[in-house]
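1. With the sequence up front, the predicted model follows.
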Amino acid sequence: MKGLLFWSVAMLLLAGVVHLGYVLIMPQIDMRAGIDELRRLAGSGALTVLSRDDSIRVVGPDGRWLVHALCVYNLSEGPLAVSATVPATYWSMAIYSASGETFYSLNDRQADVDQVDLMIRQKSAPLLGDDQDLVLPEGDGFTVRAPDPKGVVVMRALAGEPAEYERASRILARSSCRSAPK
Amino acid sequence: MRGLLWFVAFCFFGTLLGLVTAQHAVSGRFGVVSETKGPWIAWPRASDAKIDPYTRAHHLSFGLVPFDRFDTVEYEARIDDAGRSLNGDCIYLVRGSAPQARWWSLSAVALDDRTEAVSEPRDGLVSGQLIYEADRNFRVTVSRELQAGNWLRPPEAGQFVLHLRLYTPAAAVLQRPLTVELPSIERQVCQ
C-alpha cells in the first residue's frame, strides 16, 4: 500500500514535470526549427518574397491571399536595417524572436505610410522596466531591440485575387533587409 | 524485479499523463486559459504583452510562422452547434454577420494538422470574396461536394477544424474576443 502511494505520487510529479516541459520548452524548439526551415526556404540576411505555394506552406490556407516577405536574421553579425515598401491595401509587419516571442508589430492602420524604415538591434542587457524601451526613434525611422540574436521579420500584404497577388508581391519585393554598421 | 516493474510503469504513465494533459491544455480542450462561445474556442489573452505559456504554446503550434497576435484574433471550432465533432462526411451551414474587422478568413483544416500544409483551392475563404445577403449576413456551406454560393471544402479524411481569423479587428474585439458575435455551425446531412 505504501509502495503504491509512493509510486502514484512520484508519477504525478513526473507528469507535472513533463507537462511543464512540453508547455514551456516545446514551443521554443518548434519555433527554432521553424526558423531553420524558413532559412532554407528564404535564405538569411535578405528579404525574400514567397511564392503563393510557399506562403500556404508557411501559414496554411491564409497564405493564398496573404503575400509574405521574410527576412531571417542573425544579429550576432551586426544590426539589421529594414526598409519596407508597403502597398496601399492591408499590410502588417511582425518581428519574431527565435524563442517565439512577437516583440514588434505594425499594420497599415497604425502607420499610414508607404515606407517603413527600422533598425533591429540586439538587446544588450535584460530589460528593466517598461517594454516601451524596446522601440526607440533613430534617424528617419526607429530602432527595435530584439530579445534574441536570431529571429525573423515577416511582412504580410493582402491580395484577394491572383492579379493583386502579383502586384503586392512586386511592391514588397522593393523592400530590403541588410546588415548595418554596428 | 517488482521494483523495476513499478519504475517502468511510473515512467510510462507519468510521461503519458504529462503529455496528454499538456497537449489538451495547449489545444484548448481543457480550457485552462482558452474560453468558449458556442462551438468556438478563443484565447482571450493572446494579444496581451505578457502572454501566458499555454496561449503562447498554442499560438506557436500552427504553421512555420505564427499569425501576428497583436493584429489578428483567431477562433477555432472542432464541433458544431450541437456539440458533435466536425466531420468531413457531413455538410455544414456556417452563417452569421460580418465580423468587426478589416478583413477576415474562414478555413477548414484536418484535426491536429499542425502545419496546415494544405493546398486545396477551396479549403479557405476570405471576406472580400464572399457573397453576402442584403443585411450583410453570410452563409457558407462546408461540404466535400461542390455547392452553390459560398463553398468551403473540408479535408478529405475524418474530423476537421474550422479557423476563423479576424485581421485588424476593432480594438475591443482584440482585447475581448468573445464579445463578438460568432457564426453558427449547423450540421445539415451526413453521408
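-> Good, I have the coordinates.
2. C-alpha from now on. contacts and neighbour counts both.
-> OK.
3. Quick check: phi and psi at the residue nearest the centre of chain A.
-> With distances taken as CA atoms, centre = their mean, A:Tyr96 lies nearest the centre of chain A, 2.7 Å away. Backbone torsions of A:Tyr96, given as degrees, to the nearest 10, read phi -110, psi 140.
4. Beta-bridge partners for it, please?
-> On the basis of DSSP bridges, A:Tyr96 is bridged to A:Thr102, A:Val152.
5. So what's the residue count around A:Gln110?
-> The tally of other residues near A:Gln110 (other CA atoms under 10 Å in any protein chain shown) stands at 10.
6. With the one 4 residues further on instead?
-> The local packing of A:Asp114 (other CA under 10 Å) involves 11 other residues.
7. for B:Arg95, same thing?
-> Counted with other CA under 10 Å, B:Arg95 comes out at 16.
8. Check the one 3 residues further on too.
-> By other CA under 10 Å, 17 other residues sit near B:Ala98.
9. Can I get stretch B:33-53 in CSV, CA atoms only?
-> Only the C-alpha atoms of stretch B:33-53 are listed here, as CSV (Å, rounded to 0.1, in the frame of the first residue of the first chain):
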residue,chain,number,x,y,z
VAL,B,33,-6.7,29.7,-20.5
SER,B,34,-8.9,29.3,-23.5
GLU,B,35,-12.6,30.2,-23.4
THR,B,36,-15.6,29.0,-25.5
LYS,B,37,-18.6,30.6,-27.0
GLY,B,38,-20.9,28.1,-28.7
PRO,B,39,-18.7,25.9,-30.8
TRP,B,40,-15.9,28.4,-31.0
ILE,B,41,-12.7,28.5,-28.8
ALA,B,42,-10.7,31.7,-28.4
TRP,B,43,-7.6,32.6,-26.4
PRO,B,44,-8.6,35.9,-24.8
ARG,B,45,-5.1,36.8,-23.6
ALA,B,46,-3.4,36.1,-26.9
SER,B,47,-2.9,39.9,-27.6
ASP,B,48,-1.5,40.7,-24.1
ALA,B,49,2.0,42.0,-24.0
LYS,B,50,2.9,39.3,-21.3
ILE,B,51,1.4,36.2,-22.9
ASP,B,52,0.8,33.2,-20.7
PRO,B,53,2.7,30.0,-21.5
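10. That stretch and chain A, any residue contact?
-> Yes. Against chain A, stretch B:33-53 shows contacts by CA under 8 Å from any CA of the partner chain at B:Pro53.
11. Need the residues that contact the strand or helix carrying B:Arg95.
-> Here B:Arg95, judged by DSSP states H and E, is contained in strand B:90-97. By CA atoms under 8 Å, 6 or more residues apart in numbering or on different chains, the residues outside strand B:90-97 that reach it are B:136-144, B:181-191.
12. now do stretch A:95-115
-> Counting by CA under 8 Å, 6+ apart, A:27-29, A:31-32, A:35, A:83-94, A:144, A:146-154, B:60, B:68-71, B:168 sit against stretch A:95-115.
13. Of these, which belong to strands?
-> With DSSP state E as the criterion, strands contain A:83-85, A:91-94, A:144, A:146, A:150-154, B:168 from among the contacts of stretch A:95-115.
14. State the helix or strand in which B:Val161 lies.
-> strand B:160-169.
15. so how far is that strand off the chain centroid?
-> Relative to its parent chain, strand B:160-169 has a centroid offset of 7 Å by CA atoms, centre = their mean, to the nearest Å.
16. and it, what does it pack onto?
-> Contact partners of strand B:160-169 among helices and strands, from 3 or more CA pairs under 8 Å, 6 or more residues apart in numbering or on different chains; DSSP states H and E: strand B:72-77, strand B:101-110.
17. how about those in CSV, adding mean neighbour count and distance to B:Thr21?
-> Formatted as CSV, those follow (neighbours: other CA atoms under 10 Å in any protein chain shown; distance: least, CA to CA, whole Å):
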stretch, mean neighbour count, distance to B:Thr21
strand B:72-77, 22, 19
strand B:101-110, 21, 21
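18. Nearest to B:Gln175, out of those strands?
-> For the helices and strands packed on strand B:160-169, distance to B:Gln175 was read as CA to CA. The smallest value, 9.3 Å, belongs to strand B:72-77.
19. need the strands for the chain, in chain order.
-> No chain in the question, so chain A it is. Using DSSP E, the strands assigned to chain A run over residues A:48-49, A:66-74, A:80-85, A:91-97, A:102-107, A:115-122, A:135-138, A:141-146, A:150-158, A:176-179.
20. Can you look at chain B instead?
-> Under DSSP E, chain B gives strands at B:35-37, B:40-42, B:72-77, B:90-97, B:101-110, B:124-126, B:137-142, B:150-152, B:160-169, B:184-190.
21. any chance of those in a markdown table, plus mean pLDDT?
-> Converted to a markdown table, those look like this (pLDDT from 0 to 100):
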| stretch | mean pLDDT |
| --- | --- |
| strand B:35-37 | 91 |
| strand B:40-42 | 93 |
| strand B:72-77 | 94 |
| strand B:90-97 | 95 |
| strand B:101-110 | 91 |
| strand B:124-126 | 89 |
| strand B:137-142 | 95 |
| strand B:150-152 | 94 |
| strand B:160-169 | 93 |
| strand B:184-190 | 95 |
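22. Export those to a markdown table and append columns for distance to A:Leu12.
-> Compiled in a markdown table, these are given as follows (distance: least, CA to CA, whole Å):
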| stretch | distance to A:Leu12 |
| --- | --- |
| strand B:35-37 | 26 |
| strand B:40-42 | 28 |
| strand B:72-77 | 30 |
| strand B:90-97 | 40 |
| strand B:101-110 | 32 |
| strand B:124-126 | 42 |
| strand B:137-142 | 42 |
| strand B:150-152 | 44 |
| strand B:160-169 | 31 |
| strand B:184-190 | 39 |
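23. Cheers, nothing more for now.
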